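Participant: Build me a model:
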Amino acid sequence: MAILLNVPSIVCSGCGDTITKAIKTVDSEATVNVDVAAKTVTVEAQASEESIKQAVVVTGHTVQD
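Facilitator: Below you'll find the model as predicted:
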């Protein structure tokens, strides 16, 4: 299931690395693509969208609907 998240607090590739690691703790098989310029995160995962969002929020980032 592909999930597209708008994460306006992404400012650098380090943010992307942090978010990717957090998502991988929820679903270790997830494919994560962070677009710093567009401030989006695309996730292909078996985990629920809500659990993916929570993983991002725990890192201190915000997810916009």
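
Participant: quick one, what contacts the nearest residue to N6 once chain neighbours are set aside?
Facilitator: In this structure, N6 finds its nearest non-sequential neighbour in Q64, 4.3 Å apart by Cβ to Cβ, 6 or more residues apart in numbering. From N, CA and C alone the C-beta is placed, and that goes for glycine too. Taking Cβ atoms under 8 Å, 6 or more residues apart in numbering, we find Q64 in contact with 6-8.

Participant: Of those, just the buried ones, ChimeraX syntax please.
Facilitator: Here is the ChimeraX command that selects only those of the contacts of Q64 that count as buried (16 or more other Cβ atoms under 10 Å):
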select :7
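
Participant: Which member of the contacts of Q64 is positioned nearest K21?
Facilitator: Lowest distance from K21 to these (Cβ to Cβ) belongs to V7, with 14.3 Å.

Participant: check contacts around the closest one.
Facilitator: Counting by Cβ under 8 Å, 6+ apart, V7 touches 19, 39-41, 56, 61-64.

Participant: try 10 Å this time
Facilitator: The neighbourhood of V7, defined by Cβ atoms under 10 Å, 6 or more residues apart in numbering, consists of 15-16, 19, 34-36, 38-41, 53, 56-57, 59, 61-64.

Participant: do the same with D65
Facilitator: Residues near D65 by Cβ under 10 Å, 6+ apart: 5-6, 53.

Participant: Report pLDDT for it.
Facilitator: What the model reports as pLDDT for D65 is 83.
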